[in-house]
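Asks: please find the sequence and the predicted model below.
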Amino acid sequence: MNSRPNPFNGLRHLAFKVPNLEECEDFYVNIIGMKVLNRASANLVYLTLGNDNLSLGRCSADAAKEARADGGWMDHFGFIVDTKQDLEDWYRFMKAQGVDVLDTPHDHSDGARSFHCKDPAGNIVQPLYHPAVSGQKFTPGQA
């Protein structure tokens, strides 16, 4: 096959291996607001926001040290909010919850606005308002 198939329909599933699975699950459930979709085992849990899914798998402390030593491969990932006011509300909420917030909400040259924080495993999360994608609603697929 030489031609590209139909395009992908978004990046809605991320999978992390983390040394502190319970702390990360607590962060994504109780701070971000995700729900447990499936607990596959004591070492693997799937979380969801409806359209987006996050897999958290337990890794050893040694594996985590190796990943941190070389900086890993991912810079950050983001959660889209619908309005700039929603972004401000998330910033105040996370600060009040004691989340490690790295910067204050700031504007980007493309009209976006965001800030950054860390989850308990040290992954950088970017709550983001972006006029090109904020406010989009997904509909169920056709059967």
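Replies: Great, that's in hand. Numbers count the residues shown, from 1 in each chain.

Asks: need the next SSE after the helix or strand of the chain with the lowest mean pLDDT, C-terminal direction.
Replies: When the helices and strands of the chain are scored by mean pLDDT, DSSP states H and E, helix 61-69 comes last with a mean of 67. Downstream of helix 61-69, the next assigned helix or strand under DSSP states H and E is strand 77-80.

Asks: can you give me the buried ones in that following strand?
Replies: 79-80 (16 or more other CB atoms under 10 Å). C-beta coordinates here come from the backbone N, C-alpha and C atoms, glycine included.

Asks: what pairs with that strand, parallel or antiparallel?
Replies: Here strand 77-80 has these sheet partners by DSSP bridges: strand 124-129 (parallel).

Asks: mind listing residues that contact stretch 51-62?
Replies: 12-19, 21, 24-25, 28, 34, 37, 42-48, 67, 79, 138 (CB atoms under 8 Å, 6 or more residues apart in numbering).
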